[in-house]
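Visitor: Here is my input; please provide its structure:
(one chain, ligands or ions: 1)
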Amino acid sequence: MTDTATAVIENIDRYLAKRHPLLDSPEGFPREVVDQLHALGAFRVFIPPEHGGLYRRYSESLGLISTTAYHSLELSLMLGITSSLFLMPVARYAHPETRGRVLADFLDRRLLAGMMMTEPDYGTNIMGIQTSFRAEAGGYRVQGAKHWAGLSGVGDYWLVSARKARASGALGRDVDFFIVRADQPGYRFEQRYPAAGLTSISYGLTRFDVHVPADHKLCGPATDIRALYDILNRSRISIAAIAAGATRRLVDEAARWCADRVVFGKPLAAYEQAQHRLAAMQAAGTVCHAACAYAGALLDAHHAPELFIEMLTANIVKVTTTDLLQMAAQSGVQLRGGQGFRKDHYTGKAFTDSRPFQIFEGSNDVLYEAIAAQLIGEARKLGLGTLRATLAQHPGLPPPVLPADPLCDLPMATADSQVDRVLFGKLISRYAAIGIVQQVAATDRALRPELVASAIDYLRAECEGFQHERTTRFRARFIA
Ligand SMILES: Cc1cc2nc3c(=O)[nH]c(=O)nc-3n(C[C@H](O)[C@H](O)[C@H](O)COP(=O)(O)OP(=O)(O)OC[C@H]3O[C@@H](n4cnc5c(N)ncnc54)[C@H](O)[C@@H]3O)c2cc1C
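Guide: Residues are numbered from 1 along each chain as shown. All right, here's what the predicted structure looks like:
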């Protein structure tokens with residue numbers, strides 16, 4: 001059996017490269033692909049060696065996800081769900097004996113797993129969930145309903161979030177996680193949802209009223225809110241790996257298409273507008289590549305639970321990479337014309353499959369507002385006047401080097417409306433992304449100076465666009 005993560009990644013790259021027609025099937029890829037990933041050791045990359053895995057560094061896990069995303073966006077999401085939302089939280093926070101048992105069972109029986117947070121009435125408001133737990137003989141009773149969890153009806157193990165039911169019947173403020181098996185009594189997958197994309201990953205509604213052994217609660221009997229944020233932030237920032245692999249593929253597909261496709265007697269690549277789209281897609285690829293490398297280095301340096309990474313950094317990386325991924329998919333489709341609208345090609349599938357990345361793991365609209373609100377609050381508290389000075393407070397975000405650029409001196413004045421905060425959050429995120437690209441480019445030879453210059457140019461233009469929109473935006477009201 002292959003015994004390093006690097007070798008596993010190379011084998012998986014080779015295996016997937018030969019199966020693009022299967023991976024691009026409109027019906028989704030068959031289960032045999034998942035079984036083959038298991039056989040090639042993919043899931044061992046996320047599991048510590050003491051439990052039969054090959055995990056050494058978080059960055060290697062991101063390398064596997066990014067490589068997979070190049071071949072299939074949905075397959076990389078499936079790996080991301082099972083790793084960031086189940087295997088790695090279990091490896092970090094489960095009771096040692098449970099951890100060993102569950103991870104061994106997962107590998108032996110070649111299973112799938114995920115996380116259930118979202119409920120029919122509580123999605124963005126994840127702390128408002130109504131799934132409850134209470135102590136009973138030998139453990140806990142967990143009751144509730146969850147929907148939209150990736151791999152619903154297919155996953156064998158789940159991390160289920162719940163709030164403590166107090167004696168009064170009221171629910172506690174904090175959220176805990178429980179390991180629940182899909183084959184246990186009281187677990188019922190009730191309805192499959194006809195999702196608009198990501199067809200290989202099933203979604204739906206699950207209800208449960210289950211007994212969970214005491215040692216199947218993460219973090220022991222106490223609640224550790226830091227674990228919740230650690231899990232969420234790691235998972236959120238890891239999306240950069242999917243965006244990196246997928247944008248790279250979209251650029252390769254678009255560049256090939258534009259070179260070959262002849263319109264009005266000359267290749268599409270000869271037209272300025274096509275070049276403009278290709279350049280924007282390539283800039284997106286550069287930013288996502290840098291964000292993925294940056295996330296890997298950051299996560300490698302944070303081992304202990306008390307060093308959980310800053311939410312601001314995770315939010316900025318998530319919103320920027322998912323928006324750029326969607327932009328690249330939209331441009332990819334536009335450049336392919338009618339052929340871009342096919343469900344049996346990477347580009348056409350990415351058009352729908354990349355869209356929910358802007359919704360799950362924190363809706364981008366909400367995260368942009370949170371980013372702006374946090375920084376505006378800090379600037380006010382610390383008496384800081386400019387964007388540059390305020391961002392420089394955050395060790396998790398390298399400040400951009402933009403000499404004599406008015407962007408750096410942008411005032412941190414209060415944003416008086418939600419729409420303005422969202423726009424300011426977008427601006428802050430792209431500004432912070434410049435710093436990330438510059439820092440990664442200092443040591444990463446894949447980021448050639450021309451690519452870096454073009455990506456920074458693109459991000460700067462986006463910043464200016466958002467600033468312009470803040471002052472000129474459409475202000476009419478919805479008329480009910
Ligand atoms: C493909 C896919 C995969 C998913 N995978 C998982 C999974 O594995 N596990 C899991 O638990 N869940 C998963 N989800 C669920 C996802 O996390 C939720 O859909 C998401 O959190 C949004 O919740 P909601 O659908 O209830 O929308 P709502 O909370 O109703 O929000 C709807 C929209 O309203 C807007 N909005 C919300 N609040 C505000 C606000 N304060 N201000 C302004 N606008 C706001 C946002 O634009 C948001 O997108 C998945 C969803 C999809 C589509």
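
Visitor: Between the two ends of stretch 263-273, what distance do you get?
Guide: Across its full length, stretch 263-273 reaches 13 Å between end residues, using Cα to Cα, to the nearest Å.

Visitor: In that stretch, which residues are buried?
Guide: The neighbour-count check on stretch 263-273 (16 or more other Cβ atoms under 10 Å) flags 268, 269 as buried. Yep, even glycine has a C-beta here, placed from its N, CA and C like the rest.

Visitor: Kindly report the same for stretch 366-386.
Guide: Applying 16+ other Cβ under 10 Å to stretch 366-386 flags 366-376, 378-379, 384 as buried.

Visitor: neighbouring contacts of it?
Guide: If you take Cβ atoms under 8 Å, 6 or more residues apart in numbering as the criterion, stretch 366-386 is touched by 124, 312, 315-316, 318-319, 387, 389-391, 393, 408-412, 414-415, 418, 421-426, 428-429.

Visitor: Now, of those residues, which are buried?
Guide: For the contacts of stretch 366-386, a neighbour count by 16+ other Cβ under 10 Å gives the buried set as 312, 315-316, 318-319, 387, 389-391, 408, 410, 412, 415, 421-426, 428-429.

Visitor: Mind checking which of those residues land in strands?
Guide: Using DSSP state E, no member of those sits in strands.

Visitor: From the buried residues of stretch 366-386, pick the one nearest the ligand.
Guide: Nearest to the ligand among the buried residues of stretch 366-386: residue 366, at 4.9 Å, using Cβ to the nearest ligand atom.

Visitor: still on that earlier bit, can you tell me which of the contacts of stretch 366-386 are in helices?
Guide: Among the contacts of stretch 366-386, the ones falling in helices (DSSP state H) are 312, 315-316, 318-319, 387, 389-391, 418, 421-426, 428-429.

Visitor: who's in contact with whichever residue of the chain sits closest to the ligand?
Guide: When scored by Cβ to the nearest ligand atom, the chain has residue 123 as its residue closest to the ligand, at 1.9 Å. Contacts of residue 123 were listed using Cβ under 8 Å, 6+ apart, and they are residue 148.

Visitor: What parts of the stretch 351-480 of the chain come near the ligand?
Guide: Residues of the stretch 351-480 of the chain that fall close to the ligand, judged by Cβ under 6 Å from any ligand atom: 356, 359, 360, 363, 365, 366.

Visitor: Can you name the residues of this structure that neighbour the ligand?
Guide: Counting by Cβ under 6 Å from any ligand atom, the positions of the chain adjacent to the ligand are 81, 114-118, 123-124, 148-150, 198, 356, 359-360, 363, 365-366.

Visitor: thought residue 400 was touching residue 438?
Guide: Yes - look at residue 400 against residue 438 with Cβ atoms under 8 Å: they come within range, at 6.3 Å.

Visitor: could you point out the longest helix in the protein?
Guide: Assignment by DSSP H gives helix 225-260 as the longest helix of the chain.

Visitor: Which other helices and strands does that one contact?
Guide: helix 58-71, helix 73-82, helix 88-93, strand 176-181, strand 266-267, helix 272-300, helix 311-336, helix 346-353 (3 or more Cβ pairs under 8 Å, 6 or more residues apart in numbering; DSSP states H and E).

Visitor: Look up phi and psi at the closest residue to residue 191 other than its chain neighbours.
Guide: Using Cβ to Cβ, 6 or more residues apart in numbering and skipping residues adjacent in sequence, the residue nearest residue 191 is residue 205, 4.4 Å away. When read as degrees, to the nearest 10, the backbone of residue 205 gives phi -110, psi 130.

Visitor: List the contacts of residue 205.
Guide: Under the criterion of Cβ under 8 Å, 6+ apart, the contact partners of residue 205 comprise 120, 145, 146, 147, 152, 189, 190, 191, 193.

Visitor: Report the two of these separated the most.
Guide: By the measure Cβ to Cβ, 120 and 189 form the most distant pair in the contacts of residue 205, at 14.6 Å.

Visitor: These two: which has the busier surroundings?
Guide: residue 189 (16 against 11; other Cβ atoms under 10 Å).
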